[in-house]
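*Asks:* Any chance you can model this:
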Amino acid sequence: MTPPGWHPDPGYSGNGPAQERWWDGAQWTGHVRASPGAARRRGIRIGVGVTVGVVVLAAIGGGVYLLGKDGGGPPGTAASSPSAVPDPPGAPDGGEKDGEKGGEGNGDGQGPGGQLPPTEPGFATDLAAGISLPVPQGWKGTSGAVGAGLTTGEHACPGDTAETCVRGGVFSAPAAAMKLTAGTPEEAAKKDIALNAQESYGGKSYGKISSHEELKSGAVTVAGGKGYVVRWKVVTEKGDDGYVESLVFPSPTSKNMLVVVRSGFDVNKDAPKLSVLDDITRGIKAASGAGGGADGAV
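*Replies:* As a prediction, the model looks like this:
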């Protein structure tokens, strides 16, 4: 069974900011909040276009940035439909019900009562996706209720030295949390790679992407499932060029759920070698103690 927590709202229509809904372990409740990525945050720029539970990742990989968490209490909520429902058992104290106005929170990925998702040494856990990413030596790993991330090599962004970029970044999230609706891993990976490239190296931190070369496109086995990976080398307007990769595979714990892992590495002597990215892919596994939803709806 999927554990109680904030998850992408299965009833979200696509109009207005994306939102999350509270799953109490048995049913969807009337408590909603704005998805962390939909809220404007302050912080250093170092991450990817994935909403990670502990931090908000607003772009992906080497050329990307991470929006750090604000101070404060649990993540805020957002208004939805005007219908209100009674408080269900186990509902979060800080959550708002449908029709109630909420505020911006810190996006720290903690569940009710400040509980963090389960972790294990040497891995960053994406609880919603049911996977754990191996943390290479010298890297920083971040676990989250929705999403997980790995980063290394912080440095001043070439296009905006007031911001911080990273030499390498790898981030995961359920495909639904990234609004990626393609049906198969191959379709999803091929659809995601251009967005990954743009968010990683196409912003002001690295300037526009002038061209790209496809280095890899093919099937791959990840955490026992049949997935698909696409890797590009992109040429940027400012600073280093980059490698970007979109990897999509079925969740090992939730039927019919696809997981997206976005990666970005600078082309630089101080950046990780691509062999490290391959090692991370081989090391992805089912998260210890993570449950799966019967229909893949987290």
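
*Asks:* From what I see, H31 and R21 are in contact.
*Replies:* Yes. Using Cβ atoms under 8 Å, H31 makes contact with R21 at a distance of 6.9 Å. No exception for glycine: its C-beta is placed from N, CA and C like everyone else's.

*Asks:* Of the two, which one has the most company?
*Replies:* H31 (25 against 21; other Cβ atoms under 10 Å).

*Asks:* now the more buried one: how far from E20?
*Replies:* Look at H31 and E20: by Cβ to Cβ, to the nearest Å, they are 9 Å apart.

*Asks:* again, but for D241
*Replies:* 36 Å.

*Asks:* Ok, T29 next?
*Replies:* In terms of Cβ to Cβ, T29 sits 11 Å off from E20.

*Asks:* between these two, which one's more packed in?
*Replies:* Shown here are T29 and E20; by other Cβ under 10 Å, E20 has more neighbours (28 against 22).

*Asks:* check which helix or strand covers the nearest residue in space to the more buried one that is not next to it in sequence.
*Replies:* Counting by Cβ to Cβ, 6 or more residues apart in numbering, E20 lies nearest to W6, which is 4.4 Å off, once chain neighbours are set aside. Here W6, judged by DSSP states H and E, is contained in strand 5-8.

*Asks:* for K191, same thing?
*Replies:* Going by DSSP H and E, K191 is in helix 185-201.

*Asks:* same question for that helix, mean pLDDT?
*Replies:* Taken as a whole, helix 185-201 has a mean pLDDT of 93.

*Asks:* quick one: A156 and V166 touch, right?
*Replies:* No. Using Cβ under 8 Å, A156 is not in contact with V166, being 11.1 Å away.

*Asks:* Which one of those two is surrounded by more residues?
*Replies:* The residue with more neighbours, out of A156 and V166, is V166; 29 against 13, by other Cβ under 10 Å.

*Asks:* hang on, isn't the more buried one packed against C157?
*Replies:* No. Using Cβ under 8 Å, V166 is not in contact with C157; the gap is 9.6 Å.

*Asks:* worst-scoring helix or strand of this structure, pLDDT-wise?
*Replies:* The helix or strand of the chain with the lowest confidence, counting by mean pLDDT, DSSP states H and E, is strand 49-51 at a mean of 35.
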